[in-house]
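1. Predicted model and sequence below, questions to follow.
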Amino acid sequence: MPLDPHYPVDRLVYMLEDSAAPIVLAQERHLAVHGFLEGGEHRVITTERQDDSGLDDRRPENINRSDDLAFTVYTSGSTGRPKGVECSHACMLSRFRWMWDDFPFTDDDVCCAKTSLNFVDSIWEMLGGLLQGVATVVANDTTARDPGALLRLVGDHGVTRLIVVPALATALIEEATRLGSGLESLRFLTFSGEPLSSDLARQARALNDGMTVLNLYGASETAADATFCRVRDRDLEGTKVPIGGPIGAMRLHVLNDAMEPVAQGAEGELFVSGPGLARGYRNLPEMTAEKFLENPFVDPEAKEDSEHQRLFRTGDMVRQRDDGGLDYVGRKDFQIKIRGMRIEPGEIETVLREHPDVRNCAVAAAETGVGKQLAAFYVPGGDVSTHELRAFVAARVADYMVPSLFIAHDALPLLPNGKLDRRSLKVPDDFRADTEYVAPATQTEETLVVIWQDVLGLDRIGTADDFFEIGGDSIQAFRVAAQAKEAGLELAPQDLEDASTVAALAMRAQEPSRIEVEERESGAMPLSPMQRYYFTWAKPNPHKFNVVFMARLGEAMDVPRLKTVLRHLVDHHGALRLRFGQDGDGAWQQRFVEDEGVYAIPVHEISMPQGEAQAQLDFIKSGIERLHDTLDIETGPVMAVGLFRGQASDDDHFFLVMHELVTDAMSLQVVLEDLRRGYEQLGRGEAIALPARTTTYRQWVDKVIDYARTGAAQDQWDTWLEAGRDVSGFPEDDPRGGALQSDIVPHGFDVLDAETVRRARERLQGGFQNRLLDSIFTALLLTARDLSGQRNLIFHKVAHGRETAIRDADVSRTVGWFITHTPVTFRLPDGEPVEGGALALALETVGSQLRAFPDNGLGHSALRYYADDPDVTELAQYDEVKTLFQYIGDVWEHNYDGVLFQVPDASLTDVPDTVAAENLADYHLHIYAYLMDDAFRMKFFYTQPNYRAETISRMGDLFCGHMQRLMAL
């Protein structure tokens, strides 16, 4: 029984209690978020802390029988609770054997597993090929939802068999058509989950002449599939492709209400019998008896009928064709199937009625311009917004059950007998009539409006319309991004989460301009602002201040291939050829080096000894510490790789160490993307072809120097000079100087669990990131007030540095140390912001103060290091502010592709000694905020001479309390 960590807690608790599962297998990282897993009657086992000592290592005796329970999947239930469908081993193998026999694998087949484990279809995708010795590529959740990424995965791995729901297939085929390639390797494209239109089937067949197209029909109660149609020309004559005939040993019956077979061509309800039927529903004997009936069409004594003693009532209406196949007509009851997932409207309606401002409601499938969508029709009992209702439902049901549309009615339509008239529940043509239409005002807005109208199937979209409120979803967000890129606008699907209106999205879109890119850097170049700051404190050992990336390898790494890719990276990214030295006056300088040694990035192969898991992790940590000491900023290298070889290939670990002088978090992403790309290209026998180079690091620094002399920067003098007057930093227990890097101690803690973050995202939609940052800074200010009574606060804030204030530059793929440290000041408004209106005012005030700092602080760095003005010495006083704040969002998680680079053991993410211990501590308190596993977390790195552990612990507790109140506003 799969337990999706993204499901609402109430749903997970119910599933555990209803299933009475005695054992829960989990990853350690989920236990902190889902604390309830540690309670109850079940035993929790994690791979991180499983104790194998004393266990019998002999192969256990096989006592399972084919009719034993194999799995339980929970689907939407009409009672308001999910229902557990129980399937035996024989049930699932019946479906497997049919595919193996009718469409056998070949030695060079490659399957793709991409469906969530919450759904029974995933069992075939995961095991159908593997049980026949066929390679299977596993797509992570992001790839499975992104048509472009999925297309690349199919092409990169030569996938020959793929199963998709029509909604995803539409976007996938659009992307393949746009690129003119991507699906050539496919031999079987299987549609499942919802009705397949003839138009979509034609498009699929046109992509690849030699490809077999299948259309499957079924349910969880029939081990995912009960019928199939091998699509041929004759099957495309109508608007929908037939669902065909029975698979394997299954039998189909089309019956009327009297349980009698209907005439050919007449409509009837579909009943299924055979070895693929589930046992029934967990702890629901009445529902099981209602849906699984005694089969009146078989002889109980006949051997050939032994597997057909029960009939499953599907609730689907079908029509028998002349050729014996079946056409799907629709549902007999109110159950809905959207994107391959069956949904009971009653479960969502039960949840929605619990909202205090909803008097009545109904949920139904609605036909819109983009096909079938889930819609909630409700009668409000008070002032309630769509955002609020969506967040309320999302916190209580699975993601796929959250309606795309919420439509308010004065009253729901009724039949003459007083019952709800579900057939009249339709999305009105003017359902957005209460939203004021705002016409596009710029060319970018006009382009985006056209794209939205095409993707969403709507005729009239204004720049103030919200993407998600008018029916958009995550898959359509990917389609918007793809079409925007084709139109010359650089957008990511995630941009729609933060900028969900055309007006906001147009501000995000960057139109590529004619940017001159330096052919190849050589000679000397000026130090960047952060490089200049670094050499003020990195004494006596400037060689050790490193960034490290660690991953468990998904496959054994080919070292000669890796070394070839690394040479290409050094050639492609000039910053990797930088070396540093001091002139006669002791001032540090940097230059590009071209000797052969600069291209030979060292790869250290280290064999791990046999032993327990913890001992091996300790061995890896000690090896990483030695790897850090191999870097040298004067003679090189400034980058090195460590490969820790385990006893098995899936125990191998990869470590990339880079000196901070030549990289930052965004640069590391570029390096890893190019490393993966080049490594995979060589693996396919292709030449390495990396994306075109962007504005070079030297060009960027030159532009920042020029920017310091512009009027835009010069106008900022008063802003930065005033920012630090009459303000205080974080109170320290002992403010003395002289602390070393060896004095720094980490203190990590969770601030908001994944469920709280998910609810906040749903409630705030595009405003989530701004609210999160505003809340962080307000909570830090309130924490300082609680500790010392101060009502203002100054600290340095890390920014990525790649600011749009620098014109005619594209550094989206440039490697270098771009980040900036900017002094920011916040002041509390009058009053006591504890709760309610005063707290909201504090939040609004801090947010306004944050956004008042121009160019995200780039002007400060430019003036501080490049301006020829006596006031520079006053800006230098900010160096005495000893608190640094850094927020990186979830950028770190994107470095793991789930194929080559996989998430390592959690204990390896805190690698010690990345900085020379004997150097001065540049900050006494480094506040590090990030999102991991959908939870919001913090780490305080503090110097022991300046802070006591109990002070830091109290600071964390105070901050958490303020954050939780602020995010609830």
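-> Perfect, thanks for sending it. Everything quoted here is computed from the prediction, not taken from an experiment. Numbers count the residues shown, from 1 in each chain.

2. What is the neighbour count of L255?
-> 17 (other CB atoms under 10 Å). From N, CA and C alone the C-beta is placed, and that goes for glycine too.

3. just A665 next, same as before
-> A count of nearby residues for A665, using other CB under 10 Å, gives 17.

4. again with P403
-> Per other CB under 10 Å, the neighbour tally for P403 reads 27.

5. And the one 5 residues further on, by the same measure?
-> Under the neighbour criterion other CB under 10 Å, A408 is assigned a count of 15.

6. Which residue or residues pair with it through a beta bridge?
-> Assessed by DSSP bridges, A408 has beta-bridge partners Y378.

7. Quick one: residues contacting it.
-> Contact criterion CB atoms under 8 Å, 6 or more residues apart in numbering gives 378-380 as the residues in contact with A408.

8. what's the distance between it and F941?
-> Distance, A408 to F941, using CB to CB, to the nearest Å: 50 Å.

9. of the contacts of A408, buried ones?
-> For the contacts of A408, a burial check counting by 16 or more other CB atoms under 10 Å picks out 378, 380.

10. any idea which of the contacts of A408 is closest to K882?
-> Comparing the contacts of A408 against K882 with CB to CB places P380 closest, at 52.4 Å.

11. I figured that closest one hits H355, correct?
-> No. Between P380 and H355 no contact is recorded; they are 9.4 Å apart, counting by CB atoms under 8 Å.

12. Can you list the low-confidence ranges for the stretch 501-650 of the chain?
-> Judged by pLDDT under 70, the stretch 501-650 of the chain has its weakly predicted residues at 510-518, 649-650.

13. Quick one: the strands in it, in order.
-> If DSSP state E, counting those that start in this stretch is used as the criterion, the strands of the stretch 501-650 of the chain fall at 523-525, 546-553, 578-582, 588-592, 603-607, 639-645.

14. Between the ones you listed, which one is closest to V85.
-> strand 546-553 (34.0 Å).

15. Output the closest one as CSV, nothing but the C-alphas.
-> These are the backbone C-alpha positions of strand 546-553, laid out as CSV (Å, rounded to 0.1, in the frame of the first residue of the first chain):
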residue,chain,number,x,y,z
ASN,A,546,34.7,25.4,-1.1
VAL,A,547,31.3,24.4,-2.5
VAL,A,548,30.6,20.7,-2.5
PHE,A,549,28.0,18.7,-4.3
MET,A,550,27.4,15.1,-3.3
ALA,A,551,25.2,12.4,-4.8
ARG,A,552,24.6,8.7,-4.8
LEU,A,553,25.2,7.5,-8.4
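
16. Give the pairing partners of that strand; include direction for each.
-> Strand pairing for strand 546-553, determined by DSSP bridges: strand 653-659 (antiparallel), strand 901-902 (antiparallel).

17. Just want the most central residue of this structure.
-> T142 (5.2 Å; CA atoms, centre = their mean).

18. Contact partners for that one?
-> Applying CB under 8 Å, 6+ apart, one finds that T142 lies in contact with A149.

19. quick one: buried residues of the helix or strand that contains it?
-> In the assignment (DSSP states H and E), T142 maps to helix 141-145. Within helix 141-145, the residues that qualify as buried are 142-145, counting by 16+ other CB under 10 Å.

20. now do stretch 555-562
-> By 16+ other CB under 10 Å, the buried positions in stretch 555-562 come out as 557, 562.

21. For that stretch, give me every contacting residue.
-> For stretch 555-562, the surrounding residues in contact (CB under 8 Å, 6+ apart) are 603, 605, 641, 643, 649, 652, 654, 679, 682-683, 900.

22. May I ask which of these has the most neighbours?
-> Neighbour counts for the contacts of stretch 555-562 peak at V641, which has 23 neighbours (criterion: other CB under 10 Å).

23. wouldn't that residue be in contact with L569 here?
-> No. Contact criterion CB under 8 Å: V641 and L569 do not qualify, at 10.8 Å.

24. which neighbours do the two share?
-> Jointly contacting V641 and L569 under the rule CB under 8 Å, 6+ apart are I601.

25. Near D323, how many other residues are there?
-> The number of residues packed around D323, counting by other CB under 10 Å, is 10.

26. Just the pLDDT for it.
-> Reading off the per-residue confidence, D323 sits at a pLDDT of 85.

27. rewinding a little: state the mean pLDDT of the helix holding T142.
-> 81.

28. Over to stretch 778-789?
-> 94.

29. on that earlier part again, which one of the buried residues of helix 141-145 is nearest to R234?
-> Ranked by distance to R234 (CB to CB), the buried residues of helix 141-145 are led by A144 at 32.7 Å.

30. Quick one: residues contacting the closest residue in space to that closest one that isn't next to it in sequence.
-> Spatial nearest neighbour of A144, chain neighbours left out: K114 (4.0 Å); criterion: CB to CB, 6 or more residues apart in numbering. Counting by CB under 8 Å, 6+ apart, K114 makes contact with 125, 138-139, 143-144, 150.

31. Go through those residues and say which is closest to P403.
-> When the contacts of K114 are ranked by distance to P403 (CB to CB), A144 comes first, at 21.9 Å.

32. Quick check: that closest one touching L151?
-> No. If you go by CB under 8 Å, A144 and L151 don't touch, sitting 11.8 Å apart.

33. hang on, the earlier thing: what's the closest of the contacts of A408 to A779?
-> When the contacts of A408 are compared for distance to A779 (CB to CB), P380 wins out at 33.4 Å.

34. sorry, back to before: and Q610, which of the strands paired with strand 546-553 is closest to it?
-> When the strands paired with strand 546-553 are compared for distance to Q610 using CB to CB, the nearest one is strand 653-659, at 15.5 Å.

35. Now the closest one - C-alpha only, CSV.
-> Output for strand 653-659, consisting of C-alpha atoms alone and laid out as CSV, is shown next (Å, rounded to 0.1, in the frame of the first residue of the first chain):
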residue,chain,number,x,y,z
HIS,A,653,29.0,8.2,-4.5
PHE,A,654,30.0,11.2,-6.5
PHE,A,655,31.5,14.4,-5.0
LEU,A,656,32.3,17.6,-6.8
VAL,A,657,34.4,20.2,-5.0
MET,A,658,34.8,23.8,-6.3
HIS,A,659,36.4,26.8,-4.8
